[in-house]
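*Asks:* got a structure for you, letters missing:
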């Protein structure tokens, strides 16, 4: 779309979010939409980054354990997740972000950019 590759879209019903997810991240692309930072749905290690704009990930800090998150890939396959934990990580904690052992990780900067609001999700049965 508009010269950008997308891998699917993210739905977070409790926050009223429906967001396309770009295939690769870059600072310019983050201004447009959330981006795949690392991993994939197929290998259960997808990490998605987005700006802390309210229309992107600005409110993920308000997610609670057991909140549902869906990712729909470009073929229409829906993967269901539940929030397992939220955390605040320092910006240099790249390994902790990408090698978490969780099937889905969402993250954004805290206001001011000092740290990363991180939401860890486990696969769940369809809701």
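*Replies:* Everything's here; your move. Not measured: the values here are computed from a predicted model.
*Asks:* scan this structure for its longest strand.
*Replies:* strand 78-89 (DSSP state E).
*Asks:* roughly how far apart are the nearest residue to residue 114 once chain neighbours are set aside and residue 84?
*Replies:* Leaving aside its sequence neighbours, residue 114 sits nearest to residue 91 (C-beta to C-beta, 6 or more residues apart in numbering; 7.5 Å). Glycine gets a C-beta too; all of them are placed from N, C-alpha and C. Here residue 91 is placed at a distance of 22 Å from residue 84 (C-beta to C-beta, to the nearest Å).
*Asks:* which residues touch residue 67?
*Replies:* Residue 67 is in contact with 12, 14, 82-83, counting by C-beta atoms under 8 Å, 6 or more residues apart in numbering.
*Asks:* ok, residue 91 and residue 84, which is more surrounded?
*Replies:* Taking neighbours as other C-beta atoms under 10 Å, residue 91 and residue 84 compare with residue 84 leading, 16 against 12.
*Asks:* sweet, I'm off.
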